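> Structure, please.
(chains A and B)
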Amino acid sequence: DVKVTQSSRYLVKRTGEKVFLECVQDMDHENMFWYRQDPGLGLRLIYFSYDVKMKEKGDIPEGYSVSREKKERFSLILESASTNQTSMYLCASSYFIQLSGTNYEQYFGPGTRLTVT
Amino acid sequence: GIQVEQSPPDLILQEGANSTLRCNFSDSVNNLQWFHQNPWGQLINLFYIPSGTKQNGRLSATTVATERYSLLYISSSQTTDSGVYFCAVPHNFGNEKLTFGTGTRLTIIP
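So this is what the prediction gives:
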């Protein structure tokens, strides 16, 4: 079974703090993704990585950065947390399209509920 | 980018009832996934179904790619089926990034 894990289920941080959210997958997937989910806005892609040290902005990258130093690990960084970053953060992984053929099904971690006060 | 609409937005059913959830998308796709988000927030993979029909127990899904829609069928509903159901398709054809629908919230009453 594919396993995607996230470092925390719940996190409470103060405004201005630097926040790290960690995601690890055990399927040797090339692609990893960070989404946020907000009521009424659905799931929105923040950043995407298709290889170690490679990244691509998603739909809402402002206020976030990412790091991928190892294939299995993808970190989301909030450089200076703000209250509007209170949200549910979901990590996912999949195979790279050119290597997998057509099956690049995404698998999700359990999510991190972040509250910034 | 591609638009994804799900209907109905909310559905309340008695335990044992059957239901059909619909996902419409605005452009050609070569990938479509159905997910169930449980009350704890985890997205569970239900089906990877770019075309055709698949069945898994009480759940089945059909995608008619030429007509740009997919259906998720749940038979003999149980309270554990409650939650939000999402469909997701690539941003554009062949792209690995997904665009999600707004979801259908299903509530099963005992």
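> So which bits of chain A are right by chain B?
Contact residues, chain A versus chain B (CB under 8 Å from any CB of the partner chain): A:31, A:33, A:37, A:42-43, A:45, A:48, A:50, A:58, A:88, A:90, A:92, A:94, A:96-97, A:102-111, A:113. To be clear about C-beta, it is placed using only N, CA and C from the backbone, and glycine gets the same treatment.
> quick one: low-confidence ranges for chain A?
Low-confidence segments of chain A (pLDDT under 70): A:2, A:97-103.
> Sort out which of the residues of chain A next to chain B are in strands and list them.
Those of the residues of chain A next to chain B mapping onto strands are A:31, A:33, A:37, A:42-43, A:45, A:48, A:50, A:88, A:90, A:92, A:94, A:107-108, A:113, per DSSP state E.
> Just the element for residue B:62, please.
Using DSSP states H and E, residue B:62 maps to strand B:59-64.
> if we can go back for a sec, now that we have the residues of chain A next to chain B, which of them are buried?
Buried subset of those (neighbour count, 16 or more other CB atoms under 10 Å in any protein chain shown): A:31, A:33, A:37, A:42-43, A:45, A:48, A:50, A:58, A:88, A:90, A:92, A:94, A:97, A:104-111, A:113.
> Spatially nearest residue to residue B:26 (excluding sequence neighbours)?
Of all residues not flanking residue B:26 in the chain, residue B:3 sits nearest, at 4.1 Å (CB to CB, 6 or more residues apart in numbering or on different chains).
> Can you show me the strands along chain B?
Counting by DSSP E, the strands of chain B are B:4-7, B:10-14, B:19-25, B:33-37, B:43-48, B:52-56, B:59-64, B:69-74, B:83-90, B:98-100, B:104-109.
> ok, residues contacting the shortest one?
Going back to what we said before, that points to strand B:98-100. Residues outside strand B:98-100 that contact it (CB atoms under 8 Å, 6 or more residues apart in numbering or on different chains): A:42-43, A:45, A:106, B:1-4, B:31, B:33, B:86-91.
> at 10 Å instead, please
Residues from elsewhere that reach strand B:98-100 (CB atoms under 10 Å, 6 or more residues apart in numbering or on different chains): A:33, A:35, A:37, A:42-45, A:59, A:92, A:94, A:104, A:106, B:1-4, B:6, B:25-27, B:29, B:31-33, B:35, B:43, B:86-92.
> Within the sheet, what are the partner strands of it, with directions?
strand B:83-90 (antiparallel) (DSSP bridges).
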